[in-house]
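Asks: Coordinates for the following, if possible.
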Amino acid sequence: MAGEEGCIVQKEGPVVLKMAGSLMVTCSCGALGLWKAAQWKEHLGMLEQLRKMLVLLKGEILYAHAPLGEAFGHVGRKSEGVLARLFLGVEERIGRQQGELFFVIWREEVERHKKDMLLSERELEELIAFGEHLGYLDLEMQEHTIALYLEQLDLGIRFYREHEGEQRRLYTSLGIMGGLFLSIMMC
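Replies: Below is the predicted model of the structure:
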């Protein structure tokens, strides 16, 4: 009888390990789904912050008549995060006055900070293109450039807001269901 009990314990050990492993895989995949859902929300927040900063930049340029470097600095100090660092980096490079074109400064600063921004490749290209027309035009053309880019941002923000709930549910569900599928496949 003692031998039979030992066999039962030995058979239950691998089952417990498999169940623990399955639970860990399911929880890990579920957490991955929750992380992706949170990234969707952070992406929307990044677009909204960029929009707010551009509205402030427009005010600095058009109404306060601040020079471009100063305008970027004022907006950067009123904000935080990677976008604030981007704007402050532009201000600092313009302040050095090394004869660089604004577009070159803007593109290099965006490239330097792009890994920290939660923007898609298309959004990064649009952000870089925004700087192409900003530094050397008159006030009216700068206003039109900012207004055009704000319209593009508004479209992106509207898309992310409209699809936020469904995408977050989708990522969460796929994470959990993927974890369950992997658990079943492991057994």
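
Asks: Going by C-alpha atoms from here, please, whenever you check contacts or count neighbours.
Replies: Fine.

Asks: Point me to the helix or strand that includes His74.
Replies: helix 68-77 (DSSP states H and E).

Asks: Please compute how far the helix or strand following that helix lies from its chain's middle.
Replies: Using DSSP H and E, the helix or strand that follows helix 68-77 in sequence is helix 82-96. Counting by CA atoms, centre = their mean, to the nearest Å, helix 82-96 is centred 19 Å from the centre of its parent chain.

Asks: Provide a list of residue ranges in the chain with pLDDT below threshold.
Replies: Residue ranges of the chain with pLDDT under 70: 1-13, 135-137.

Asks: In it, which residue is most central in space?
Replies: Leu118 (1.7 Å; CA atoms, centre = their mean).

Asks: gap between that one and Gly179?
Replies: Leu118 is 26 Å from Gly179, where distance means CA to CA, to the nearest Å.

Asks: Next: Glu132.
Replies: For Glu132, the distance to Gly179 - CA to CA - is 46 Å.

Asks: With neighbour numbers in mind, choose between these two.
Replies: Gly179 (24 against 17; other CA atoms under 10 Å).

Asks: So that one is in contact with Thr26, correct?
Replies: Yes - counting by CA atoms under 8 Å, Thr26 is a contact partner of Gly179 at 3.8 Å.

Asks: I'd like to know which elements the host helix or strand of His163 is packed against.
Replies: Taking DSSP H and E as the criterion, His163 maps to helix 139-186. Contacts defined by 3 or more CA pairs under 8 Å, 6 or more residues apart in numbering; DSSP states H and E place helix 139-186 against helix 2-62, helix 121-132.

Asks: can you give me the angle the shortest one makes with helix 139-186?
Replies: This means helix 121-132. 160 degrees (axes from the mean of the first three to the mean of the last three CA atoms, to 10 degrees).

Asks: List of residues touching helix 121-132?
Replies: Helix 121-132 has contacts (CA atoms under 8 Å, 6 or more residues apart in numbering) with 102-103, 106-107, 110, 114, 145-146, 149.

Asks: biggest separation within those, which pair?
Replies: Farthest-apart pair in the contacts of helix 121-132 is Lys114 and Thr145; separation 21.4 Å (CA to CA).

Asks: if we can go back for a sec, ok, and the most crowded of the contacts of helix 121-132?
Replies: Trp106 (26 neighbours).

Asks: Which residues are in contact with that residue?
Replies: Taking CA under 8 Å, 6+ apart as the definition, contacts of Trp106 comprise 90, 128, 131.

Asks: My guess is the first one contacts Val110. True?
Replies: No - using CA under 8 Å, Val90 makes no contact with Val110, being 9.2 Å away.

Asks: So the nearest residue in space to Cys187 that is not next to it in sequence versus Leu50, what's the distance?
Replies: Sequence neighbours aside, Lys18 is the residue nearest to Cys187 in space, at 7.0 Å (criterion: CA to CA, 6 or more residues apart in numbering). The gap separating Lys18 from Leu50 is 47 Å, by CA to CA.
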